[in-house]
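> Whatever this is, show me its structure:
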Amino acid sequence: MPDMRGTTICCVSKDGRTAIAGDGQVTLGDTVIKHGARKVRAIRDGAIVAGFAGSTADAMNLFERFEAKLDEHGGSLARAAVALAREWRTDRYLRKLEAMMIVADDERMLMISGNGDVLEPDGAVVAIGSGGAYAQAAAEALVAHSSLSAEEVVREAMQIAARICIYTNADIRVEVVGGEAA
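Take a look at the predicted model:
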């Protein structure tokens, strides 16, 4: 069976707001099988946003486990992310999951991988997935050279990635935390 591919997730923090965006395309081999997949979510009553790249079933499992870790750690984003990464790296079943996550609140953004990595970007942008490098480059330029809001930056960066990456489409969903609406 061909590999399931296709996701771009981009997260931007600007002016006290953090926005995460994901495209909707899911590809099986060289065929698009879904255009409107939901790969970003707001959780904890909108206090945290999360997005995943990778196998859909694996990512759903990780979302559930991350929410459980948030409950175990009193809603602490960093502690929950570290606990998930530790479990992901050491659990025999979870080690086989092929996915990455970005989680964020109004103070920080974290990328979590199955290698046990919990990385906080140096700047205001982080992106993952097949079109992640395109979206990140576009978002970095937009943050530095425009007055666009965090939400507008991720939306435009994702549109740019969709025009370049064959595994990314323009069905963009955005979730935002922090500050006042733009």
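> who does the helix or strand that contains Ala21 pair up with?
Using DSSP states H and E, Ala21 maps to strand 17-22. Looking at strand 17-22 with DSSP bridges, its partner strands are strand 8-14 (antiparallel), strand 173-177 (antiparallel).
> can I get the CA coordinates of the last one in PDB?
Read it as strand 173-177. Taking Å, rounded to 0.1, in the frame of the first residue of the first chain, the C-alpha atoms of strand 173-177 are listed here in PDB:
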ATOM      1  CA  ARG A 173      -8.100  26.100   8.500                       C
ATOM      2  CA  VAL A 174      -6.800  28.500  11.100                       C
ATOM      3  CA  GLU A 175      -7.100  28.500  14.900                       C
ATOM      4  CA  VAL A 176      -5.900  31.400  17.100                       C
ATOM      5  CA  VAL A 177      -5.200  32.000  20.800                       C
END
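> from here on, count from 44
In the new numbering, first residue 44, that becomes strand 216-220.
> who's in contact with that strand?
60-65, 67, 81-85, 89-92, 147-149, 193-194, 197-198 (C-beta atoms under 8 Å, 6 or more residues apart in numbering). Bear in mind the C-beta positions are built from the backbone N, C-alpha and C, glycine included.
> One more: the longest one?
Contact partners of strand 51-57, identified using C-beta under 8 Å, 6+ apart, comprise 61-66, 82-83, 92, 94-96, 145, 147, 152, 167-175, 177-179, 182, 186, 192-193, 196-197, 200-201, 204-205, 208, 210-211.
> Could you list which of those residues belong to strands?
Among the contacts of strand 51-57, the members falling in strands are 61-65, 83, 92, 94-96, 145, 147, 152, 168-172 (criterion: DSSP state E).
> For Gly67, which residues are in contact?
Contacts of Gly67 by C-beta under 8 Å, 6+ apart are 77-82, 212, 214-216.
> tell me, what residue is most central in the chain?
Using C-alpha atoms, centre = their mean, the residue of the chain that lies closest to the mean C-alpha position is Gly94, 3.0 Å off.
> list the contacts for that one?
Applying C-beta under 8 Å, 6+ apart, the residues near Gly94 are 52, 54, 63-65, 82-84, 144-145, 171.
> wait, which of the strands paired with strand 60-65 is closest to Ala102?
Ala102 lies closest to strand 51-57 among these, at 10.1 Å (C-beta to C-beta).
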